[in-house]
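Trainee: Quick one: sequence and predicted model below, then my questions.
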Amino acid sequence: MTELIDFISNNLQMIYIVILMIFVGVEVIGHVPAVLHTPLMSGANAIHGVVIIGAILVMLNAEPDNILALALGFVAVLLGTLNVVGGFVVTDRMLEMFKKKK
């Protein structure tokens, strides 16, 4: 428990920044007009592609006996891939609505 308290007291400024980023992100995304959701989702897909590459690089540089780093890297690759594929499926379905019917 003392390790947790020491960690929090040593990294208090970073914790404040993360909390501020969460509030700013919620406010920015919450005020996006409905017309811009498809381009915003495509941008998020590109960001998650970078997350996948970063997770793969972390896994490549991890020691073979560091199970935690390998497991977290695998989870990051898995969730990032699911998010990218799901985002592209939703974007494709939304763009299908704007095509003229034959």
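Mentor: Thanks, I have the structure now.

Trainee: From the chain's centroid, how far away is the lowest-mean-pLDDT helix or strand in the chain?
Mentor: Every helix and strand in the chain was compared by mean pLDDT, DSSP states H and E; the lowest is helix 37-61, with a mean of 80. Relative to its chain's centre, helix 37-61 lies at 7 Å (Cα atoms, centre = their mean, to the nearest Å).

Trainee: What sits closest to residue 8 if chain neighbours are left out?
Mentor: residue 15 (6.7 Å; Cβ to Cβ, 6 or more residues apart in numbering). The C-beta positions use only the backbone N, C-alpha and C, and glycine is treated the same way.

Trainee: wait, that neighbour sits on residue 7?
Mentor: No - using Cβ atoms under 8 Å as the test, residue 15 is too far from residue 7 to be in contact (9.5 Å).

Trainee: tell me the domain ranges of the protein?
Mentor: 1-31, 36-102 (automatic domain parsing).

Trainee: Using a markdown table, lay out those domains together with mean neighbour count.
Mentor: Listed next are the domains of the chain as a markdown table, based on neighbours: other Cβ atoms under 10 Å:
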| stretch | mean neighbour count |
| --- | --- |
| domain 1-31 | 9 |
| domain 36-102 | 13 |
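
Trainee: Give me the residues contacting stretch 13-21.
Mentor: Residues from elsewhere that reach stretch 13-21 (Cβ atoms under 8 Å, 6 or more residues apart in numbering): residue 8.

Trainee: Equivalent analysis for stretch 45-61, please.
Mentor: 69-70, 72-74, 76-77, 80-81, 83-84, 87-88, 91.

Trainee: The same query, at a cut-off of 6 Å, please.
Mentor: The contact list for stretch 45-61 (Cβ atoms under 6 Å, 6 or more residues apart in numbering) reads 70, 73, 76-77, 80, 83-84, 87.
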